[in-house]
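Undergrad: Please work out how this folds:
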Amino acid sequence: MGILKFIGGAFVSPYVRVGRQLGETSKVTYQNLTQVLNVKTQLKDHPNKDLKDPTLLKARRIKDSKERFEFVFQQKNWTEKELARHLNNIKKAQAIYMFFTIAALLFTGFALPKMLPSFFFTVFMSIIFMLTISVFAAHWIQSALRKTQIQNRELMSFNEFIERADFWKKLFNPCA
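TA: The predicted model follows:
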């Protein structure tokens, strides 16, 4: 009986360890989600400052996106130097988001299936990494939109940005 118990324990212990770690992770995740929901209910009572900003409310009435950008630029008293520094920061952020999106995608596709002990754990971790990829990709596209808005001095919508002929160039080249 001792040998069977030892052999059975050798096969079962990695899965027990993974199950224990998943349980601990789920407890922490639950606590974090309850904190997020508490903050969300607290923020629901506070109005968003941007929605009451008179400059942005006036800017929304302007139909031409270039005139809208110039209006906000003048009303906020921005300088060309501040705008150039902000553009440089956005380019760096876009490069970082692009790197992490592609790295997480490659890791999920190639390394993750070979590293994990079980099929179900691999699927679980793949879902986690796909959520991570979607967050990084959304920030990547958003930074490309903001970079294009500053470079063209035009407050365009997301749909207008996607319809542009140079969309892929602006997306995949942070320096463009």
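Undergrad: contacts and neighbour counts: CA atoms only from here.
TA: Noted.
Undergrad: Quick check: can you list the domain ranges of the chain?
TA: Listed by automatic domain parsing, the domain ranges of the chain are 1-46, 79-172.
Undergrad: any idea of the mean pLDDT in the last one?
TA: Just to be clear, that refers to domain 79-172. In this model, domain 79-172 has an average pLDDT of 89.
Undergrad: so how far is it from its chain's centroid?
TA: Its chain's average C-alpha position is 7 Å from that of domain 79-172, according to Cα atoms, centre = their mean, to the nearest Å.
Undergrad: Straight-line length of that domain, end to end?
TA: 28 Å (Cα to Cα, to the nearest Å).
Undergrad: I figured Phe69 hits Arg153, correct?
TA: Yes - between Phe69 and Arg153 a contact is recorded at 6.0 Å, counting by Cα atoms under 8 Å.
Undergrad: Between those two, which has more neighbouring residues?
TA: Comparing Phe69 with Arg153 by other Cα atoms under 10 Å, the one with more neighbours is Phe69, at 20 against 16.
Undergrad: and the more buried one, what helix or strand is that in?
TA: helix 65-75 (DSSP states H and E).
Undergrad: go on, Leu57?
TA: helix 54-60.
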